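>>> With the input below, show me the fold.
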Amino acid sequence: MYQYNYADQALVEERVAQFRDQTQRFLKGELPEEQFLPLRLQNGLYIQRYAPMLRIAIPYGLLASYQLRKLAEITRKYDKGYGHFTTRTNIQLNWPKLEDVPDILAELATVQMHAIQTSGNCIRNTTTDPYAGIHQAEIADPRPYCEIIRQWSTFHPEFAFLPRKFKIAVIGTENDRAATQVHDVGLHVKTNDAGEIGFEVIVGGGLGRTPVIGKVINEFLPRKHLLSYLDAILRVYNLHGRRDNKYKARIKILVESMGGREFAKLVDAEWQAHTKDGALTLTADNFATASSFFSAPDYVAIDALQVQSELQKLLSENKGFSNWYTQNTVAHKIGGYRAVVISLKAGLVDGRYVPSGDVSDAQMDALADLSDQYSFGELRGTYQQNLVFADVQVSHLYELWQQLDKLHLARANINTLTDMIVCPGWDYCSLANATTHNIAEQIEKQFNDLDYLYDLGDIRLNMSGCMNACAHHHVGDIGILGVDKKGEHWYQISLGGNSSDDAKLGKILGKAVPASDVASTLQTILDVYLEIRANSDNEVEGFGEVINRVGIAPFKEKVYG
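Numbers count the residues shown, from 1 in each chain. This is a model prediction of the structure:
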């Protein structure tokens, strides 16, 4: 992973000192709230319903074990002993004191971490595939391109005050595991007929109040033009994006209003006139330097036949391990290794619901130790609010599973209904219209049979507490949106969304249901699915496939009579 150089460290430390002075002046009453607000947002600090919230950057999801230990220490010292992982692979602290935030940022700087550009109208954290560099079907490792984008966009003076926030995602395989089509810019690594690497460029995706699937504006951009073309996109957005209405200020509104083809023409004209073949043109040395930060770890040669024989024995003897291996591990391009997905969806532990994406300080410390022992001291965040050990020897999987199980981090539910993306909702967020944790707990109690979940197959359930859609409910197979009705919390359900290759927005099933009826309504929906799905000897029709085939009418009829 990327390591700071002297300039990086100096910049981050200077920012800490600057924000410390700003915070002290604010607390003394010398800096008005309206002046302090943009300054705190530039350092990842929000004011939520009951306390400040600090969002800490984890560039493209990569986290070293020593960084996770520092996060554990910070949550113990300055917060309530846990952190919350987000869909942008960042981590949030929900209970810091305002006066402690400069000290938190200073401690983060000691392990090459910060909270810069995790909020505000700027280019946010670039995200990518959690299996980058290790997936068998990868065209090219997207991480070097993410790092190039990070260095270009951090502290960029022109892009610090955009009309609205701006998010970029990069994927290196044909299968999209980074929701690129619902980003302001999505980049798909491609090769042309000559074998050269470039990008398909998608612009204008986004969710929130006005959900939109992005549009392809360039089918193949040679990689040397990556930054100059992105720069042209941002210049067009800065020139033409609306600033009179924050709800109409995202680039998706601009692209929708003029059409993808016309927007592409503007970008091309700006690119040709001002940025193409200029100082932002990338060279072979630039790519070599960026790639050097992501060299392969020291894999060991493994006797695949012997390991496989031992693995099959363990799988046959232990159903819990077998379920976990099937659901929570992923094939690796290096023989004898697999990637392990650590479920942060523990559900009910000792009768208490653990919110999706939450990790305690003790779990962080333990995961840091386990990553050192089993995965070269590295962890990765995922779009689904889970963590990944990317490089685990197959022969170590059983003992790793045992260790994770003791930590309540081995739930074998990845890609099932209970692998829910859930925002913090009303319990924390000042923007939320409704609670989410109580509904997630209700769902957990209703659907707690793993065999039943496995029979349902892969189903993505996303739940947001308001229309800002932080949990991406529009693109879940099942989406749940909390709404306020005269002070009561109700829940609108949508079906058929998808954030992968054939991204699409879900369709609203009908009127919202009361909080008490959410789980029973989901049960009705799933009963219909099980009744009408097609079955063959080799394949069972998936939930999304059924929606594509029959639409939402059969589900609506059963739910609403």
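>>> how about the strands in the stretch 251-400 of the chain?
Here the stretch 251-400 of the chain has its strands, by DSSP state E, counting those that start in this stretch, at 329-331, 337-342, 347-349, 352-354, 358-360, 378-381, 387-393.
>>> quick one: the first one to chain centroid distance?
Taking CA atoms, centre = their mean, to the nearest Å, one finds strand 329-331 lying 19 Å from the centre of the chain it belongs to.
>>> now the strands of the stretch 251-400 of the chain as TSV including distance to I58, mean neighbour count and mean pLDDT?
C-betas here are computed from N, CA, C, even on glycine. Output for the strands of the stretch 251-400 of the chain, formatted as TSV (distance: least, CB to CB, whole Å; neighbours: other CB atoms under 10 Å; pLDDT from 0 to 100):
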stretch	distance to I58	mean neighbour count	mean pLDDT
strand 329-331	20	16	98
strand 337-342	15	24	98
strand 347-349	24	14	96
strand 352-354	21	16	96
strand 358-360	13	22	98
strand 378-381	6	24	98
strand 387-393	11	23	98
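>>> could these go into TSV alongside distance to D517?
Converted to TSV, the strands of the stretch 251-400 of the chain look like this (distance: least, CB to CB, whole Å):
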stretch	distance to D517
strand 329-331	36
strand 337-342	32
strand 347-349	20
strand 352-354	19
strand 358-360	26
strand 378-381	33
strand 387-393	33
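>>> give the contact list for Q393.
V300, I302, V307, G336, Y337, Y374 (CB atoms under 8 Å, 6 or more residues apart in numbering).
>>> give me that answer again for 7 Å
By CB atoms under 7 Å, 6 or more residues apart in numbering, the contact list for Q393 reads I302, G336, Y337.
>>> Out of those residues, which is nearest to L27?
Proximity of these to L27 was ranked by CB to CB; the top entry is Y337 with 50.6 Å.
>>> any idea how far T382 is from that closest one?
18 Å (CB to CB, to the nearest Å).
>>> what pLDDT does N468 get?
Model confidence at N468, given as pLDDT, is 95.
>>> What about G44, how many residues nearby?
25 (other CB atoms under 10 Å).
>>> correct me, but it touches C122?
No - between G44 and C122 there is no contact, the gap being 11.0 Å when judged by CB atoms under 7 Å.
>>> Now do the same contact list for L221.
By CB under 7 Å, 6+ apart, the neighbours of L221 are G198, F199, V201, Y229.
>>> now, which of the residues you listed lie within strands?
If you go by DSSP state E, these have G198, F199, V201 in strands.
>>> Looking at those residues, which is nearest P130?
Looking across these and measuring by CB to CB, the closest to P130 is F199, at 19.7 Å.
>>> Name the residues linked to the closest one by a beta bridge.
V189, L221 (DSSP bridges).
>>> For the remainder of this discussion, apply numbering that starts at 814.
OK, 814 is where the count begins now, so the last one is F1012.
>>> thought it was touching G999?
No - with contacts counted by CB under 7 Å, F1012 stays clear of G999, the gap being 9.3 Å.
>>> Report how many residues lie close to E1075.
Using other CB under 10 Å: E1075 sits among 12 other residues.
>>> before we move on, what about Q949?
11.
>>> doesn't it fall inside a helix?
No - counting by DSSP: H, G, I helix; E, B strand; the rest coil, Q949 is not part of a helix but coil.
>>> what sits against it?
So Q949 contacts A1144, K1146 (CB under 7 Å, 6+ apart).
>>> so how far is A1203 from it?
Taking CB to CB, one finds Q949 at 13 Å from A1203.
>>> just M1233 next, same as before
23 Å.
>>> Also K1028?
Distance from K1028 to A1203, by CB to CB: 32 Å.
>>> Name the helix or strand for the closest residue to D1081 other than its chain neighbours, please.
Spatial nearest neighbour of D1081, excluding adjacent residues (CB to CB, 6 or more residues apart in numbering): A1045 at 7.7 Å. If you go by DSSP states H and E, A1045 is part of helix 1039-1053.
>>> Can you list the buried residues in that helix?
1039-1051 (16 or more other CB atoms under 10 Å).
>>> got those as CSV, with distance to Y891 and pLDDT columns?
Listed next are the buried residues of helix 1039-1053 as CSV, based on distance: CB to CB, whole Å; pLDDT from 0 to 100:
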residue, distance to Y891, pLDDT
L1039, 38, 98
L1040, 37, 98
S1041, 42, 98
Y1042, 41, 98
L1043, 36, 98
D1044, 38, 98
A1045, 42, 98
I1046, 38, 98
L1047, 35, 97
R1048, 40, 96
V1049, 41, 97
Y1050, 37, 97
N1051, 36, 95
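>>> packing partners for the helix holding A1045?
helix 956-966, strand 1010-1016, helix 1064-1071, helix 1073-1083 (3 or more CB pairs under 7 Å, 6 or more residues apart in numbering; DSSP states H and E).
>>> Format the CA atom coordinates belonging to it as PDB.
This file holds the C-alpha atoms of helix 1039-1053, laid out as PDB (Å, rounded to 0.1, in the frame of the first residue of the first chain):
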ATOM      1  CA  LEU A1039      -6.700   9.600 -17.300                       C
ATOM      2  CA  LEU A1040      -6.000  12.800 -15.400                       C
ATOM      3  CA  SER A1041      -6.300  15.200 -18.300                       C
ATOM      4  CA  TYR A1042      -9.700  13.800 -19.200                       C
ATOM      5  CA  LEU A1043     -10.900  13.800 -15.600                       C
ATOM      6  CA  ASP A1044      -9.700  17.300 -15.300                       C
ATOM      7  CA  ALA A1045     -11.800  18.300 -18.300                       C
ATOM      8  CA  ILE A1046     -14.900  16.600 -16.800                       C
ATOM      9  CA  LEU A1047     -14.400  18.600 -13.600                       C
ATOM     10  CA  ARG A1048     -13.800  21.800 -15.400                       C
ATOM     11  CA  VAL A1049     -17.100  21.400 -17.400                       C
ATOM     12  CA  TYR A1050     -18.900  20.600 -14.100                       C
ATOM     13  CA  ASN A1051     -17.400  23.600 -12.400                       C
ATOM     14  CA  LEU A1052     -18.400  25.900 -15.200                       C
ATOM     15  CA  HIS A1053     -22.000  24.500 -15.800                       C
END
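>>> Run the angle between that helix and strand 1010-1016 for me.
20 degrees (axes from the mean of the first three to the mean of the last three CA atoms, to 10 degrees).
>>> Need the residues that contact helix 1039-1053.
Residues contacting helix 1039-1053 (CB under 7 Å, 6+ apart): 958, 961, 965, 971-972, 975-976, 998, 1012, 1014, 1016, 1034, 1064, 1067, 1079-1080, 1083-1084, 1088-1089, 1091, 1093-1095.
>>> try 6 Å
Under the contact criterion CB atoms under 6 Å, 6 or more residues apart in numbering, helix 1039-1053 has outside partners 965, 972, 1034, 1064, 1067, 1079-1080, 1083-1084, 1088-1089, 1093-1094.
>>> Buried ones among the residues you listed?
W965, F972, L1034, I1064, L1067, L1079, V1080, E1083, W1084, T1088, K1089, L1093.
>>> now, which of those sits nearest I1252?
Distances from I1252 to those, taken by CB to CB, are shortest for I1064, at 31.7 Å.
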